[in-house]
Each structure stands twice: as C-alpha cells, then as structure tokens.
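[1] Sharing a sequence plus its predicted fold:
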Amino acid sequence: MKYLSTILVMPLLGAVTLFMAGSVVLSARDLGQWASNDPSVSKWFRSLMMPDNPTISCCGGSDAYFADVFETDGDRYVAIVTDTRDDEPLGRHHVELGTRILVPNAKLKVDSGNPTGHGVIFLSSSDTVFCYVAPGGI
C-alpha cells in the first residue's frame, strides 16, 4: 500500500513542480502598455532574460525604468533613474527621479543590444534589480 501511494504521489509532485516553475518564468507582466511600441522594441523587451538565470525573464515594460545616466562604484554600476513617464499607464510602482540604484554585477545585461536608446533598469515592486541594460546603441 505504501508503494502504491508513492507511485500516485510522485506524478502529482512533478506536475506541481512544473506548474510552479512555469509561473516563475511567466512572471513578466504585459498590461498592453507596449502595444504601441515599435514591434522590434516590444520583441526585445520580451526576449530579455536575467544574465544570472537565463531561464527567467528580466520582466517587461511594467517593471522597466529609464536610467540614462549611471556612475561607477569600483567595479559596479549605479543606475540613476531618469524616467519621467507616468507610472499608472505602465502599471508600475513609482521610483523617484534621480534615485540611485546599485546594480549587482550579475544583473548587468551586456549580450542583448539595446534598441530603446535608453538605459533600462528592471525592478521588482520592492526595488530588487532584475536586470540592467546600460544606455547605448543597437
């Protein structure tokens, strides 16, 4: 009987694990705020994956803040928020203009180009850095 319950429980645990892993990967929010963007820019946002965990999205436009200015602190970047866009239509929490955010080296995205013309920092609602793409060209 114990063997039979193990056989029944293992597939269920596997299904729950896959569901939870899928929900982590799908955590990026798309509230339609990028629908009017150039399709290549929208595609770029959707394709960004965390440099330290390439199976997880950097998140989307609702987690993105322009950070066109940065400083260095030793070997680390400090992104400075320069985004003056209204937060509500983007579905994001407010981060004050000029806020300095220390970017962990593992969150610096250098392999994806940048079609926005802006530095972009992706933040959680508690201001944890998901990714940072420095300003630059394509």
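    Yep, that arrived. Source: prediction; values computed, not measured. Residues are numbered from 1 along each chain as shown.
[2] got the contact list for the spatially most central residue of the chain?
    Nearest to the mean C-alpha position of the chain, by C-alpha atoms, centre = their mean, lies Cys58 at 2.3 Å. Each residue near Cys58 by C-beta atoms under 8 Å, 6 or more residues apart in numbering is listed here: 28, 48-50, 109, 122, 130-131. C-beta: built from backbone N, CA, C; applies to glycine.
[3] and which of the residues you listed is nearest Leu90?
    Using C-beta to C-beta, Phe122 comes nearest to Leu90 of the contacts of Cys58, at 12.3 Å.
[4] quick check, the closest one in a helix?
    No - counting by DSSP: H, G, I helix; E, B strand; the rest coil, one finds Phe122 to be strand, located in no helix.
[5] hang on, isn't it packed against Cys59?
    Yes - contact criterion C-beta atoms under 8 Å: Phe122 and Cys59 qualify, at 4.9 Å.
[6] Mutual contacts of the two, please.
    130-131.
[7] Please say which of those two ends up with more neighbours.
    Phe122 (26 against 21; other C-beta atoms under 10 Å).
[8] quick one, what contacts that one?
    Applying C-beta under 8 Å, 6+ apart, the residues near Phe122 are 48, 58-59, 63-65, 129-132.
[9] Likewise for Arg92?
    Taking C-beta under 8 Å, 6+ apart as the test, what Arg92 contacts is 62-65.
[10] before we move on, back to that, for the residue nearest to the centre of the chain, grab phi and psi.
    phi -70, psi -10 (degrees, to the nearest 10).
[11] Return the distance of it relative to Gly98.
    Here Cys58 is placed at a distance of 23 Å from Gly98 (C-beta to C-beta, to the nearest Å).
[12] Kindly report the same for Ser47.
    Taken as C-beta to C-beta, the span from Ser47 to Gly98 is 29 Å.
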